[in-house]
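>>> Based on what follows, work out the 3D shape:
(chains A and B)
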Amino acid sequence: MNEQHLSLISSLSRDLAPVSRPPKINRLAMVWFLLSAGYVIAVTGLFGDIRQGALTQLVTQPRFLLETVLGLAAIFWVSLLAFRSAVPAALSRHFAAAGGVLMALWLSQYAIGLFSPALEPSTLGGRPHCWLETMIYALPVILAGHYLVRRYYPLRPVRTAMSIGLVAGMLPALYMQIACMYNPPHILAFHIFPGLLMVAAGAGVAAVWRPRRGRAGGEPV
Amino acid sequence: MESESDEQCWARLMVSAQAGNESDYRRLLTELTAVIYNFLRGRFGNQHFIEDCVQETLIGIHQARHTYDVNRPFRPWLFAIVRHKAIDTLRKQYTRQKVARQFTGEQEVLSQTSQRSNVENEIFKDRLLDSLSEEFREALVLTKFFGFSVAETAEKLGISKSLVKVRVHRAIRKLSHLMETEQQ
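Numbering: from 1, shown residues only, chains lettered A, B, ... in the order given. Sure thing, here's the model as predicted:
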């Protein structure tokens, strides 16, 4: 150990302030996910009616239900992995890979739907600006998520923010299949694609709004 | 009575540090410095950037100390930071001509002889760099370890500057991947 190390250690440990441990990461991710989902449902309902009979279709059409549940599970999983990536060593490769697989599995349902749709495609319930709604509704979710993970220590802040952006974009995209028309090409182009663009928005937010990395670190009590 | 393992001891010291205990924190950082140094030296050899990396890691540990959860093992938390800082420091290595000058055997490294010079042996003795393909390793060593610029490296290797950048980028990504899998 050289003088520089000793001096640095001395400087870091001098006047050491106690730090409060932030909330458990999984619990926080769950709260963020639930509040975000509630917000998306509320705000989508506020600016237009949901497609007539969509909720009944969830009960009567198993493939539609599967698609929706798979989407919900994939988004939930990615929200967990996004938050876990903000704590060193909390995210395992297997957990991250499982999130990717779930997401791919969900999105592949729409690709399959191009040839064999889960519901009879129709324009019933179409919202004129669904793609714009998807993107706008995602923004507050991204900001809230990024605000929360900044309290931790994301080793790759941009990657973490991209995962948050993915969740934020996919939540309204998923809900649009209940609130807007059901037609796989429309879903892919006007719900999923704008949702995926939010990954870039997440990266942009992370680039501008960097995590606090002052020498003090932590959350003072 | 069974003695306390390093893992338990570090976890205890970190919890104490989170509560603001200076002497425990100083002890923890002092112990970790040696561990980090040996870890990096075992993987990269006795390289100039290791000093920087150890310091960056200590600062990283300090900034992240509130994220350590006593219910989780300490080592993975620590080495996630070390790994990240090592790759980050390596990525930030730019021209360091003074380092190149320190190696009197520099020309040997760059020659096409099949024998490895002392400098090469020092660099390649660890398995981590040895697991890179020759083209990646050459580009990485010349730019990041010897401090040659991209243009100089391109000239020495007889390839384009953009290809040097690609190889360095891929070499670092591969190293990052190797270090991650090694820890899991």
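>>> quick one: buried residues of stretch A:191-204?
A:191-192, A:194-199, A:201-204 (16 or more other C-beta atoms under 10 Å in any protein chain shown). For glycine as for every other residue, the C-beta is placed from the backbone atoms N, C-alpha and C.
>>> Next up, phi/psi of the residue nearest to residue B:40 when sequence neighbours are not counted, please.
Of all residues not flanking residue B:40 in the chain, residue B:50 sits nearest, at 4.8 Å (C-beta to C-beta, 6 or more residues apart in numbering or on different chains). Main-chain torsions, residue B:50, degrees, to the nearest 10: phi -60, psi -40.
>>> Thought residue B:38 was touching residue B:50, still the case?
No: with contact defined as C-beta atoms under 8 Å, residue B:50 does not reach residue B:38; the gap is 10.1 Å.
>>> any chance you could map the helices in chain A?
Ranges of helices within chain A are A:3-13, A:25-46, A:54-60, A:62-84, A:93-113, A:130-149, A:157-179, A:184-186, A:193-208, based on DSSP state H.
>>> if we can go back for a sec, from the buried residues of stretch A:191-204, pick the one nearest residue B:170.
residue A:203 (21.4 Å; C-beta to C-beta).
>>> from memory the closest one sits against residue A:162, does it?
Yes: between residue A:203 and residue A:162 there is a contact at 5.1 Å, judged by C-beta under 8 Å.
>>> got any ranges where chain A has weak pLDDT?
A:1, A:211-221 (pLDDT under 70).
>>> who's sitting farthest from the centroid in it?
Distance from the centre of chain A peaks at residue A:3, with 45.6 Å (C-alpha atoms, centre = their mean).
>>> what residue lies at the spatial centre of chain B?
residue B:86 (3.7 Å).
>>> Chain A now?
The centroid of chain A falls nearest to residue A:167 when counting by C-alpha atoms, centre = their mean (1.6 Å).
>>> wait, that one sits on residue A:144?
No: using C-beta under 8 Å, residue A:167 makes no contact with residue A:144, being 10.9 Å away.
>>> Spit out the residues that contact those two alike.
Taking C-beta atoms under 8 Å, 6 or more residues apart in numbering or on different chains as the criterion, residue A:167 and residue A:144 both touch residue A:36.
>>> ok so, going back, any figure for the gap between the residue nearest to the centre of chain A and chain B?
Distance from residue A:167 to chain B, counting by C-beta to the nearest C-beta, to the nearest Å: 21 Å.
>>> quick one, what contacts that residue?
A:33, A:36, A:75, A:78-79, A:82, A:141, A:145.
>>> Go through those and name the one nearest residue A:98.
residue A:78 (10.0 Å).
>>> just so I know, which of the helices of chain A lies nearest residue B:139?
Proximity to residue B:139 (C-beta to C-beta) singles out helix A:157-179 among the helices of chain A, at 24.6 Å.
>>> wait, doesn't residue A:149 sit right on residue A:86?
Yes: using C-beta under 8 Å, residue A:149 is in contact with residue A:86, at 4.1 Å.
>>> Name the residues contacting each of those two.
Common contacts of residue A:149 and residue A:86 (C-beta under 8 Å, 6+ apart): residue A:160.
>>> So the two - more neighbours on which side?
Legend: neighbour count by other C-beta atoms under 10 Å in any protein chain shown for residue A:149 and residue A:86, higher for residue A:86 (30 against 27).
>>> Got the phi and psi for residue A:24?
phi -60, psi 140.
>>> burial measure for it, as a count.
Residue A:24 has 13 nearby residues by other C-beta under 10 Å.
>>> so what's it up against?
By C-beta under 8 Å, 6+ apart, the contact list for residue A:24 reads residue B:69.
>>> Roughly how far does it sit from residue A:153?
15 Å (C-beta to C-beta, to the nearest Å).
>>> what do you get for residue A:23?
Taken as C-beta to C-beta, the span from residue A:23 to residue A:153 is 14 Å.
>>> Who has more neighbours out of the two?
Comparing residue A:23 with residue A:153 by other C-beta under 10 Å, the one with more neighbours is residue A:153, at 28 against 13.
>>> hang on, that one packs against residue A:90?
No: Residue A:153 is beyond contact range of residue A:90, at 10.1 Å (criterion: C-beta under 8 Å).
>>> okay, residue B:50 and residue B:38: which has more neighbours?
Neighbour tally, residue B:50 and residue B:38, criterion other C-beta under 10 Å: the higher count belongs to residue B:50, 19 against 10.
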